[in-house]
Structures are given as C-alpha cells and as structure tokens.
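Trainee: This is a predicted model, with the sequence first.
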Amino acid sequence: MLTATEKLKVILKRKNMTVKELADLLGTSRQNLHGKLSKDNLSENDLKKFCEVLDVKYEINFILENGDKI
C-alpha cells in the first residue's frame, strides 16, 4: 500500500507538476512542503488542501462491520 506522500507524487507526475509548483499553489515554500512530504507528516487538512488545488477528490472513511461509513 502506498503512503499518502507516495500517492501525492503519483498525482503530481500524472499532472506533470513539480513539488515546487504544488508549494506555490498552496502558498508555501518548496522546502516546507518537501519537509512534510519527506516525513510523510500530513494531516487530514493538508490532504484536503492538496486535493483542492490539484482538483482531485479525497475520501477517508472508517467502515463498521455493518457497512456504515464514518
């Protein structure tokens, strides 16, 4: 299973974008973003922001035994 950082790198590659370009869209430095990515230290809020600027959907669910999603 890929980490969140690995998945973001796949998305960037498919969109022909660099980490610097993503950082610019997020209003942060390449160094700051690279630090987060290298530690795979991403909050749910970070992931939502990435998806917003990359125009992709993001889902996270816990699925209970009865099929309910939380």
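Mentor: Great, that's in hand. This one's a predicted model, so the numbers in the text were calculated from it and none came from an experiment.
Trainee: what about stretch 28-45, start to end distance?
Mentor: Distance across stretch 28-45, first residue to last, is 15 Å (Cα to Cα, to the nearest Å).
Trainee: Show me which positions of it end up buried.
Mentor: Neighbour-count burial for stretch 28-45 flags Leu33, Leu37, Leu42 (criterion: 16 or more other Cβ atoms under 10 Å). All C-beta atoms are positioned from the backbone trio N, CA, C, and that covers glycine.
Trainee: Over to stretch 51-63?
Mentor: Buried, per 16+ other Cβ under 10 Å, within stretch 51-63: Leu54.
Trainee: what sits against Asn66?
Mentor: Under the criterion of Cβ atoms under 8 Å, 6 or more residues apart in numbering, Asn66 has no neighbours.
Trainee: Check for me that it belongs to a helix.
Mentor: No - according to DSSP: H, G, I helix; E, B strand; the rest coil, Asn66 belongs to no helix; its state is coil.
Trainee: if we can go back for a sec, export the buried residues of stretch 28-45 as a markdown table, with columns for distance to Leu25, pLDDT and secondary structure.
Mentor: What follows is these, written out as a markdown table (distance: Cβ to Cβ, whole Å; pLDDT from 0 to 100; DSSP: H, G, I helix; E, B strand; the rest coil):
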| residue | distance to Leu25 | pLDDT | secondary structure |
| --- | --- | --- | --- |
| Leu33 | 10 | 95 | helix |
| Leu37 | 14 | 93 | helix |
| Leu42 | 16 | 90 | coil |
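Trainee: Would you mind giving those residues as CSV with distance to Thr3 added?
Mentor: Formatted as CSV, the buried residues of stretch 28-45 follow (distance: Cβ to Cβ, whole Å):
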residue, distance to Thr3
Leu33, 15
Leu37, 10
Leu42, 9
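Trainee: out of those residues, which one sits closest to Leu26?
Mentor: Leu33 (6.7 Å; Cβ to Cβ).
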